[in-house]
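Enquirer: no sequence for this one, just the structure:
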Ligand SMILES: Nc1nc2c(ncn2[C@@H]2O[C@H](COP(=O)(O)OP(=O)(O)O)[C@@H](O)[C@H]2O)c(=O)[nH]1
Ligand SMILES: [Mg+2]
């Protein structure tokens, strides 16, 4: 990979934790001579230079120019190849003070480190064979995960689940490729008769690929989260339900119509799915311009939500507007109708409407289950293999397309050369997923999406 636009062995430094005040911060270094360079600013250089990998050393970082102490730290030493990047590396645990962090990084840069580019640590880990590309992508997915389930799904990928499945598919195709190559090397007359290669392995590989592609839709929901909006007439209990979902009093509840004039939002987790829940202003005729604007914004939110929870006031029953929306949307994939205030409602609940009380909480778990099944159609335990990288999905689609051509060629007895070409394209696409086949552009593209320090 000499073509990369920076040296992949140079000593680099970056803050690995958030740039904010905290008890501790971690500054990460990696690259050639990083242990020696670090020792020049450490109070006990000999201990560092002579240390084994996986050791921790207590001391001070100081400014070699002035001799001034900069911070009291511990330094973890890793030796090539046993480190995250596969290179020599030192991680510094310092106090989480912004001026302190800044001073340490400056001192380290004066000592010979340079600022790391986004994703450069993980790119080095990939280049040094510590992980494949699907695992490198999972590093970001873990850091960004918004719920426990999303976290375990990403952890699954980080431990190589995508890599293993891809290799399983690849093995089938490579074996098949050898069959084809034998046929190409030994023309028909020598082997005797027509080629009669079964398309079965190709069909199996195609099936595995389709299964993985299907996981993307749900994988993406767990990674990005989805928008869910509470809608309905004023006083139906939207804000009360919003608070119930949050298990706190965030939205103002009152029996005065039009209390919620704008929308408010919060992240919650429903059955492991990260949900961005919106409480909206009740949709009604309003005279006040502020309320009008709130209603307009709320309408936008509702229109763009992945799922609308439409709340009906169970004490008064359905209004004409409720009936109208119910008629239009009752079979929609994006609507769930909820009959609220069942603690105090004696009216008959229409079929297909879920029942809840925002006051007692009765019915909430059924609503959560309904939201989850509406959004994903399945229950996720967190141990499933699910992809959530668009890059991986597009490559799987390309691999699948090529396999379709392979199958068609075999069925229609088209030349084996054509079969071999399509097969190769499919293998290339699969190789790009794990990074076996990669170019500088692909790598730069993936790793530039990381933040600095990863
Ligand atoms: N009895 C009963 N009253 C409720 C329930 N949910 C909301 N309310 C009352 O209905 C009124 C309107 O509630 P609010 O959440 O502000 O409705 P919104 O206008 O749809 O946001 C308030 O007086 C709430 O206390 C419920 O489940 N049972
Ligand atoms: Mg409200």
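Expert: Sure thing, it's come through. These numbers come from a predicted model, not from an experiment. Numbers count the residues shown, from 1 in each chain. Ligands and ions are numbered 1, 2, ... in the order given.
Enquirer: Give the next helix or strand downstream of the helix or strand of the chain with the lowest mean pLDDT.
Expert: Ranked by mean pLDDT, DSSP states H and E, the weakest helix or strand in the chain is helix 188-191, scoring a mean of 50. The element immediately downstream of helix 188-191 (helix or strand, assigned by DSSP states H and E) is helix 200-224.
Enquirer: Would you mind pulling up the elements that that next one packs against?
Expert: helix 148-158, helix 161-185, strand 273-279, helix 364-376, helix 390-411 (3 or more C-beta pairs under 8 Å, 6 or more residues apart in numbering; DSSP states H and E). Where C-beta positions appear, they are placed from N, C-alpha and C, glycine not excepted.
Enquirer: so how far is it from its chain's centroid?
Expert: Its chain's average C-alpha position is 16 Å from that of helix 200-224, according to C-alpha atoms, centre = their mean, to the nearest Å.
Enquirer: which residues of the chain fall in strands?
Expert: When assigned using DSSP state E, the strands of the chain occupy the ranges 12-15, 22-30, 55-62, 69-78, 89-96, 114-115, 226-232, 264-270, 273-279, 307-313, 335-340, 354-355.
Enquirer: Output these as TSV; include the columns distance to residue 205 and mean neighbour count.
Expert: Conversion of these to TSV gives the following (distance: least, C-beta to C-beta, whole Å; neighbours: other C-beta atoms under 10 Å):
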stretch	distance to residue 205	mean neighbour count
strand 12-15	40	25
strand 22-30	38	19
strand 55-62	47	16
strand 69-78	39	19
strand 89-96	39	21
strand 114-115	44	14
strand 226-232	32	23
strand 264-270	36	16
strand 273-279	31	23
strand 307-313	35	24
strand 335-340	39	23
strand 354-355	43	18
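Enquirer: tally of neighbours for residue 319?
Expert: Counted by other C-beta atoms under 10 Å, the residues lying close to residue 319 total 16.
Enquirer: Look up how far ligand 1 lies from it.
Expert: When C-beta to the nearest ligand atom, to the nearest Å is applied, the distance between residue 319 and ligand 1 equals 12 Å.
Enquirer: How about residue 295?
Expert: Between residue 295 and ligand 1 the distance, using C-beta to the nearest ligand atom, works out to 12 Å.
Enquirer: and the closest residue to that residue other than its chain neighbours, how many neighbours?
Expert: Nearest-residue entry for residue 295: residue 281, 5.1 Å, with adjacent residues in sequence omitted and distances by C-beta to C-beta, 6 or more residues apart in numbering. As a burial measure, the neighbour count of residue 281 was computed by other C-beta under 10 Å and equals 27.
Enquirer: And residue 281, what's its pLDDT?
Expert: At residue 281 the predicted local distance difference test score is 80.
Enquirer: now it: how far from ligand 2?
Expert: Using C-beta to the ion, to the nearest Å, one gets 7 Å for the distance from residue 281 to ligand 2.
Enquirer: try residue 393
Expert: Residue 393 is 39 Å from ligand 2, where distance means C-beta to the ion.
Enquirer: start the count at 410, not 1, going forward
Expert: I'll keep to 410 as the first residue from here, and by that count the last item is residue 802.
Enquirer: Identify the residues contacting that residue.
Expert: By C-beta atoms under 8 Å, 6 or more residues apart in numbering, the residues touching residue 802 are 622, 625, 796.
Enquirer: most neighbours, which of these?
Expert: Most neighbours among the contacts of residue 802, by other C-beta under 10 Å: residue 796, with 29 neighbours.
Enquirer: who's in contact with that residue?
Expert: Residues in contact with residue 796, defined by C-beta under 8 Å, 6+ apart, are 543, 566, 571, 621, 624, 625, 628, 802, 805.
Enquirer: Could you check how far the residue nearest to residue 704 is from residue 651?
Expert: The span separating residue 690 from residue 651 equals 12 Å under the rule C-beta to C-beta, to the nearest Å.
Enquirer: ditto for residue 776
Expert: The gap separating residue 776 from residue 651 is 13 Å, by C-beta to C-beta.
Enquirer: Name the residue in the two with the higher neighbour count.
Expert: Neighbour tally, residue 776 and residue 651, criterion other C-beta under 10 Å: the higher count belongs to residue 651, 28 against 19.
Enquirer: coming back round to it: which of the helices and strands packed on helix 609-633 sits closest to ligand 1?
Expert: Each of the helices and strands packed on helix 609-633 was scored for nearness to ligand 1 using C-beta to the nearest ligand atom, and the closest is strand 682-688 (6.7 Å).
Enquirer: could you say what helices and strands the closest one packs with?
Expert: Right, strand 682-688 is packed against helix 609-633, strand 635-641, helix 647-655, strand 673-679, helix 773-785 by 3+ C-beta pairs under 8 Å, 6+ apart.
Enquirer: let's see 7 Å
Expert: On a contact count with 3 or more C-beta pairs under 7 Å, 6 or more residues apart in numbering; DSSP states H and E, strand 682-688 meets strand 635-641, helix 647-655, strand 673-679, helix 773-785.
Enquirer: For residue 764, give me its contacts.
Expert: With contacts defined as C-beta atoms under 7 Å, 6 or more residues apart in numbering, residue 764 is in contact with 748, 751, 758, 772.
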